[in-house]
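Asks: generate a structure from the sequence data that follows.
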Amino acid sequence: MIDIIGAISLTGLFGLCCAVLIGAAPVSRTSRMRLSVLALAWFATIAVFGAIGAFSAAGFGTPVIGLAVLMPVVVFLVSVARSSSVRSVALHTPLPALVGIHAARVLGVFFVLLFEAGRLPPTFALTAGWGDIAVAVAALPLAWAIRHQISGWRPLTFAWNVLGFADLVTAVTLGIGSAPDSPVRFIYETPNSGAVASLPWVLIPAVLVPVYLITHLAVFVQLMRTTAVTDRKDGHFAVGRHAI
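Replies: The predicted structure is shown next:
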């Protein structure tokens, strides 16, 4: 039953994230259609690979999951560096939207439930699960604070973003480190993290984690830009005041 609920929830979550991000992005209608098709193609590819067991120890295993996590992030970083249009999207997608979608990371509760069911190891499941829940609980209040420019929103957003990014990196590291076929395994708890290599749970590292990593990076980009703009304004003001 938990697998069925997980499949429905994770598919719906991916659709919600895409709808919010693509809808909020400052792009044309044609670009929105292209992004939607690209997102659907990525989701379908991961789902097919998961269905045939490509991510399991009997298939290509953990390295393919790592590739699925890293590839979209690397493509995003290269695109931001080389494409002004992609850079514009990263800089101008509303910050509250980038932060607010992380509220759905409350589904990290599935890690805890899988641990309780004896299907995931405690170090990985509890760290990843409760970490996601903590980040999720703070997301909507922070998005509201950003939207209304509440005093101190910028350092709060930076701190939340660092913690949220670190939570994802930690979860991926622990998942790989406790996988049965991992070449860098360092956690030997029973059970191992092999359940995450099968559907529907492989959707978390292979689909949702890249989306959230990319949004965290976009938040960093926007925060650095707004800080730089503020510093320039303050510097000009200070020069003018000194001249007076």
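Asks: taking the centroid of this protein, which residue is nearest it?
Replies: Tyr212 (1.3 Å; Cα atoms, centre = their mean).
Asks: which residues does it contact?
Replies: Contact criterion Cβ atoms under 8 Å, 6 or more residues apart in numbering gives 101-102, 105, 164, 168 as the residues in contact with Tyr212. Heads up, the C-betas are built off the backbone N, CA and C, glycines and all.
Asks: do Met224 as well
Replies: By Cβ under 8 Å, 6+ apart, no residues touch Met224.
Asks: one more: Leu70?
Replies: With contacts defined as Cβ under 8 Å, 6+ apart, the neighbours of Leu70 are Pro210.
Asks: any idea how far Ser36 is from it?
Replies: Separation of Leu70 from Ser36 (Cβ to Cβ, to the nearest Å): 23 Å.
Asks: about what we covered before: and the residue nearest to the centre of the chain, what pLDDT?
Replies: At Tyr212, the model reports a pLDDT of 96.
Asks: check which helix or strand covers it.
Replies: Assigned by DSSP states H and E, Tyr212 belongs to helix 209-243.
Asks: what sits against Ile214?
Replies: 72-73, 76.
Asks: again, only using 6 Å
Replies: Contact analysis of Ile214 by Cβ atoms under 6 Å, 6 or more residues apart in numbering lists Phe76.
Asks: show me what the helix or strand hosting Leu91 is packed up against.
Replies: Using DSSP H and E, Leu91 sits within helix 84-92. In terms of contacts (3 or more Cβ pairs under 6 Å, 6 or more residues apart in numbering; DSSP states H and E), helix 84-92 is packed against helix 62-82, helix 209-243.
Asks: mean pLDDT lowest where, among those?
Replies: Ranked by mean pLDDT, the helices and strands packed on helix 84-92 end with helix 209-243 in last place, scoring a mean of 70.
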